[in-house]
Each structure stands twice: as structure tokens, then as C-alpha cells.
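In: need a structure here:
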Amino acid sequence: MPTAGTASEPRITVVLTTFDREEKAAEVAQQLVRERWAACGTCIPGARSFYVWQGKLEESTEVLLLLKTTADRASGLAQRLRTLHPYAVPEIVAGDAIALNGAYAAWVHEAVGTDAPGGADGP
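Out: Numbering: from 1, shown residues only. Predicted coordinates:
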């Protein structure tokens, strides 16, 4: 499997977050793709989450949203995601892809490229 970040292969970042409703996850994914913060959003329903909130162990069924973007747009995507997210403390975790299809990485860069509204910094 090829590694990411070589001279011939641009790097991408995957950002993940969770939502309580699939409709809201899809709405946010579509907004971020429209604004070109993300090239793609994938909603995965049925994730079981366990966490401590306000001193109590909680269990929730959530929708996992995976967002694919470029490394240089990940921070802006996270900031925009915070403004759109309904949770008081949203889970926003980002990591660089270490192995990926070079053609896919190139497509991600094209989809969120610097010709996006507002240039490299976004709308």
C-alpha cells in the first residue's frame, strides 16, 4: 500500500465527529462539502459510544461522520465544524492518512483546493 505525503502523493487528513441524529450529520456533511472544507463526508450510523459526562457513565447510539480534507484545511474545517455542531463539547478528532490511493488524495486536493471561496483559508 502506498504511503502518504511523498513528493508525488499529496497528504490528506481525516476528521471524525459524532452526532445524535443521522439527519443532522448529513446536513453538516453537505454544508462542509458545499463550502469546500471537506471533499467528502461519510455518515456511518449505529456507532455505540461510551463516555463519562457530568460524572456519570453514559452510553449513546450515534452517527459517526468521517470528513476527508487536506492537511492545510483541517484546522479551518474543525473551526467551522464547531460552529455547525449541536453538541456543547463536540468530538472533533483529526489524523493524517498514512496510507492511501494517490489518485484519491489528488482528488481531495482538487475538491478543496485554493480556488475554493475565500482561497486556501475557505469561505
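
In: Can you list the residue ranges for strands in the protein?
Out: Along the chain, counting by DSSP state E, strands occupy 12-19, 40-53, 56-70, 93-96.

In: which residues sit in contact with the closest residue in space to residue 66 that isn't next to it in sequence?
Out: Taking Cβ to Cβ, 6 or more residues apart in numbering, and ignoring the residues beside it in sequence, residue 66 has residue 42 as its nearest neighbour in space, at 4.5 Å. No exception for glycine: its C-beta is placed from N, CA and C like everyone else's. Contact analysis of residue 42 by Cβ atoms under 8 Å, 6 or more residues apart in numbering lists 29, 65, 66, 67.

In: residues in contact with the closest residue to residue 29 other than its chain neighbours?
Out: Among residues not flanking residue 29 along the chain, residue 41 sits closest, at 2.9 Å (Cβ to Cβ, 6+ apart). Counting by Cβ under 8 Å, 6+ apart, residue 41 touches 26, 28, 29, 30, 32, 33, 65, 66, 67, 68.

In: burial measure for residue 29, as a count.
Out: Counted by other Cβ atoms under 10 Å, the residues lying close to residue 29 total 22.

In: Thought residue 69 was touching it, still the case?
Out: No. Using Cβ atoms under 8 Å as the test, residue 29 is too far from residue 69 to be in contact (11.9 Å).

In: Please enumerate the shared neighbours of those two.
Out: Common neighbours of residue 29 and residue 69 (Cβ under 8 Å, 6+ apart) are residue 38.

In: Identify the bridge partners of the spatially most central residue of the chain.
Out: When Cα atoms, centre = their mean is applied to the chain, the residue found nearest the centroid is residue 67 (2.6 Å). Note on residue 67: beta-bridge partners residue 15, residue 41, judged by DSSP bridges.

In: before we move on, the earlier item: quick one: buried ones out of the contacts of residue 41?
Out: Using 16 or more other Cβ atoms under 10 Å as the burial test, the contacts of residue 41 include 28, 29, 32, 33, 65, 67, 68 as buried.

In: any idea how far the last one is from residue 92?
Out: Going back to what we said before, that points to residue 68. With distances taken as Cβ to Cβ, to the nearest Å, residue 68 is found 14 Å from residue 92.
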